[in-house]
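Visitor: Show me the folded form of this:
(2 chains)
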There are 2 protein chains.
Amino acid sequence: LDSGTFQQVRRLLNGLQPVEIAHLLESSPPPSRRILWTLIDPELEGEVLQELSEDVQLQFLRGMNTEKVVEITEGMDTDDLADVLQRLPDAVIQEVLAAMDAQDRQRVEQVLSYDEDTAGGLMDTDTITVRPRVTLDVVFRYLRRHDELPGSTDSLIVVSGKGEYVGLLPLSKLLTSSPNSTVREVMSTGLEAIPATMRDTEVASLFERHDWISAPVVDDDGIVVGRITIDDVVDVIREDADHSLMSMAGLDEEEDTFAPIHRTAPRRAIWLGINLLTAILASSVINIFQGTIDKVVALAVLMPIVASMGGVAGSQTLTVVIRGMALGQIGRSNINWLVSREFFVGLINGMLWALTMALVAGWWFEDPIISFIIAAAMVINLLTASVAGALLPITLRSIKIDPALAGSVALTTITDVVGFFAFLGLATYFYA
Amino acid sequence: LDSGTFQQVRRLLNGLQPVEIAHLLESSPPPSRRILWTLIDPELEGEVLQELSEDVQLQFLRGMNTEKVVEITEGMDTDDLADVLQRLPDAVIQEVLAAMDAQDRQRVEQVLSYDEDTAGGLMDTDTITVRPRVTLDVVFRYLRRHDELPGSTDSLIVVSGKGEYVGLLPLSKLLTSSPNSTVREVMSTGLEAIPATMRDTEVASLFERHDWISAPVVDDDGIVVGRITIDDVVDVIREDADHSLMSMAGLDEEEDTFAPIHRTAPRRAIWLGINLLTAILASSVINIFQGTIDKVVALAVLMPIVASMGGVAGSQTLTVVIRGMALGQIGRSNINWLVSREFFVGLINGMLWALTMALVAGWWFEDPIISFIIAAAMVINLLTASVAGALLPITLRSIKIDPALAGSVALTTITDVVGFFAFLGLATYFYA
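Guide: So this is what the prediction gives:
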């Protein structure tokens, strides 16, 4: 690229919105990514950075010295800034905080004091609060003193003299009520404030169920410390939904699509290693039955079918249950019904495809015994797979292991072991 | 349950918000679900119905006669009502429309005229519009004539005399500007209106990127026909994210977790049948090499390991690529980089675990040839799996097949066939 083209790309790039530049960076392989970053206007860098996903953000932050980090984080929202800071070494955090004015520093420190995955870590501290006893007319005059309201402000927070949460004054109420009414008369008190320690996924499900746009956050004493807005909640919902998908393949939901080889390879190697162990375990089951296979080599041809069908049936059940758990639908009261439904679905589909496979095997090897053996093994394995697929996630969750991550490995191990054992075990009985 | 307990449950149930009742229904197996439904206050039924997921909604609607449907849909939002109607037979739709007043009917018919998966199908028709030449003071007086504003109203839509979209007047601008300014002076014109025919996933990604709360929808002539609000977009985002997870197991993202056996079994049977075909295909590869297995039975013990490791490596790549495609990150310009990264990651991890497996096999069977064969086959299969995992989704998308649905089946077929062929083929060469 000659320098003229560079100038053109630079102009094009900086004509985009920060969120679009961030999307472009995330869609670029590392080499182009580094070049693109150097072309971004320095005053846009902070805004672009806060739109990037965690993994990509970290890659750029690692390459910066402390002064650069201080410079780039100026003017970020407190919640985004806190997110960025949490990924940096302590020494850098201290320098960034030292460079801020006292009020901002206090706000960021407050957000930093909460875990990233809680309401406190998600909240923004720029709230507009009003007292219950003032009239709406006073509120109107107060608002006009602002140049603009904080983003996603759909209601003002009504607080007592001590700063305790009292209620909400939706802008739509403010605009449709008489200016002579007091805040107390028109405010809504139905919505309870969110405790700063609530898990972010729980916050997301509250927003999702109640169609909120923003909600106040309070500390242990009921004092308003910030507010959460729907745009941050949407990110939580997206990550939460991606979590099951990515975890089931042993991946992280924050994984950068274009992570370089030296970051991708080691992450995946661990997962492959775990799977190698379970595959060896399944093989050692086959090993027990070497003698039988030696007698009837057709068994070696057919045995992967039994394992594979169990794996597929089990993963269907597992996926439904993991999604249901993520949506908060599955608990102790309904798990029995679910397991029994899966049992019968496994039984019906097991018998259907076992019969089909028996006919295929009979035609293929002209041996009614092998037809019977593969049919019986398939029914056993599909039944086991369906019940295990339903019970595993619940069991894993109760011992605090992420079902989305460990469920698929554990299930494949079960369906392989049971599949090979049932098929080759039956064969040994009939052919021995 | 005696009738006293019933009364208690009924009181408890109807004390909940409609959205919570809906969640309770979705978390209940069909028998309790039917009982719970009969306990809901008739005036709450409509609100509860519109909060239910598609699949569950349909189950209740199927059991109602037309009068009941007419009664229950009174007072629903136009977009939710249109969603419900789209699932009913034409005759019922006509009767429900006939029972509505002319204005409401026209609104619903307008939404119904668009596909459910487009901006038009997602939009609400209750908008508040203002003219550019009036002063904010007039807007204030106009708003005070309303009892309340439509839900999620964060801005008023500025339209010309013909109803064409001109710009947006954010409530926060309205509240912070001088009442003597005109709408034209303070309105934002930066946001382009959404065409009614835009796909809902595209709408969702616009909302997500720009942190919108609501956005105007226009028809082909630029006339404002409605607006889309973030709460409906959140549902699209959730479904969109669930789509990849559920499709990879051959399931539908709208699938009811507690669907009864007679609905679950046939849906899953089809997927199992497709997988049986691919498993038989893989077995027929093994069948070619019966003679070799007969000679060296250890091959039968080890061959599932080669196939399994390929499957795991491939599904990791597939998941990353499918997620990247759903996020709109992957296109023609970066696919080459991605395929080559996957190639090298597959090569590195293939060699790592092939070496490990060679040592295990050498110790297990005390045969250096089998060690070499399994290592070579694993490298070949992991390389194939990684490259196929990256190329498959792109190829499937280009021929208009959903990669999330077809990708995992196609990939398993490839990794099984290549795995067995490489391992047994090499063995035949060395042992024959």
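Visitor: Who are the contact partners of whichever residue of chain A sits closest to chain B?
Guide: Using Cβ to the nearest Cβ, A:A241 is the residue of chain A that sits closest to chain B, at 3.1 Å. All C-beta spots, glycine's among them, are computed from the backbone N, C-alpha and C. By Cβ atoms under 8 Å, 6 or more residues apart in numbering or on different chains, A:A241 lies in contact with A:326, B:237-238, B:241-242, B:245.
Visitor: Of all those, the one with the weakest confidence?
Guide: Across the contacts of A:A241, the member with the lowest pLDDT is B:A241, scoring 80.
Visitor: for that one, helix, strand, or coil?
Guide: helix (DSSP: H, G, I helix; E, B strand; the rest coil).
Visitor: That one and A:W37, how far apart?
Guide: 28 Å (Cβ to Cβ, to the nearest Å).
Visitor: which residues in chain A form strands?
Guide: A:129-130, A:155-159, A:165-170, A:194-195, A:214-218, A:224-229 (DSSP state E).
Visitor: Using TSV, lay out those strands together with mean pLDDT, distance to chain B and mean neighbour count.
Guide: Listed next are the strands of chain A as TSV, based on pLDDT from 0 to 100; distance: least, Cβ to the nearest Cβ, whole Å; neighbours: other Cβ atoms under 10 Å in any protein chain shown:
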stretch	mean pLDDT	distance to chain B	mean neighbour count
strand A:129-130	94	12	18
strand A:155-159	95	10	24
strand A:165-170	95	9	22
strand A:194-195	96	16	20
strand A:214-218	95	9	25
strand A:224-229	93	8	25
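Visitor: quick one: which of those strands is nearest A:E54?
Guide: Closest approach to A:E54 among the strands of chain A (Cβ to Cβ): strand A:224-229, 18.5 Å.
Visitor: who does that closest one touch, helix- and strand-wise?
Guide: helix A:102-112, helix A:119-122, strand A:155-159, strand A:214-218 (3 or more Cβ pairs under 8 Å, 6 or more residues apart in numbering or on different chains; DSSP states H and E).
Visitor: if you set the cut-off to 10 Å instead, what comes out?
Guide: helix A:78-86, helix A:102-112, helix A:119-122, strand A:155-159, strand A:165-170, strand A:194-195, helix A:200-210, strand A:214-218 (3 or more Cβ pairs under 10 Å, 6 or more residues apart in numbering or on different chains; DSSP states H and E).
Visitor: one step back: could you dump the contacts of A:A241 into JSON lines with distance to B:Q86 added?
Guide: As requested, the contacts of A:A241 are exported to JSON lines (distance: Cβ to Cβ, whole Å):
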{"residue": "A:A326", "distance to B:Q86": "27"}
{"residue": "B:I237", "distance to B:Q86": "20"}
{"residue": "B:R238", "distance to B:Q86": "19"}
{"residue": "B:A241", "distance to B:Q86": "23"}
{"residue": "B:D242", "distance to B:Q86": "20"}
{"residue": "B:L245", "distance to B:Q86": "25"}
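Visitor: Generate JSON lines for the strands of chain A, with distance to A:V111 as supplementary columns.
Guide: Supplementary listing: the strands of chain A in JSON lines, determined by distance: least, Cβ to Cβ, whole Å:
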{"stretch": "strand A:129-130", "distance to A:V111": "17"}
{"stretch": "strand A:155-159", "distance to A:V111": "17"}
{"stretch": "strand A:165-170", "distance to A:V111": "18"}
{"stretch": "strand A:194-195", "distance to A:V111": "14"}
{"stretch": "strand A:214-218", "distance to A:V111": "10"}
{"stretch": "strand A:224-229", "distance to A:V111": "7"}
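Visitor: So which of the ones you listed is nearest B:K68?
Guide: Among these, if distance is taken as Cβ to Cβ, the winner is strand A:165-170, at 34.1 Å.
Visitor: and the closest one, how far from the chain's centre?
Guide: Relative to the centre of its chain, strand A:165-170 is centred 31 Å away, using Cα atoms, centre = their mean, to the nearest Å.
Visitor: could you say what helices and strands that strand packs with?
Guide: So strand A:165-170, by 3+ Cβ pairs under 10 Å, 6+ apart, packs with strand A:129-130, strand A:155-159, helix A:183-186, strand A:214-218, strand A:224-229.
Visitor: repeat that with 8 Å
Guide: strand A:155-159, strand A:214-218.
Visitor: Figure out which of those is closest to B:P30.
Guide: Nearest to B:P30, of all the helices and strands packed on strand A:165-170, is strand A:214-218, at 34.3 Å by Cβ to Cβ.
Visitor: Rebuild the helices and strands packed on strand A:165-170 as TSV, extending it with distance to B:G331.
Guide: Below are the helices and strands packed on strand A:165-170 laid out as TSV (distance: least, Cβ to Cβ, whole Å):
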stretch	distance to B:G331
strand A:155-159	41
strand A:214-218	35
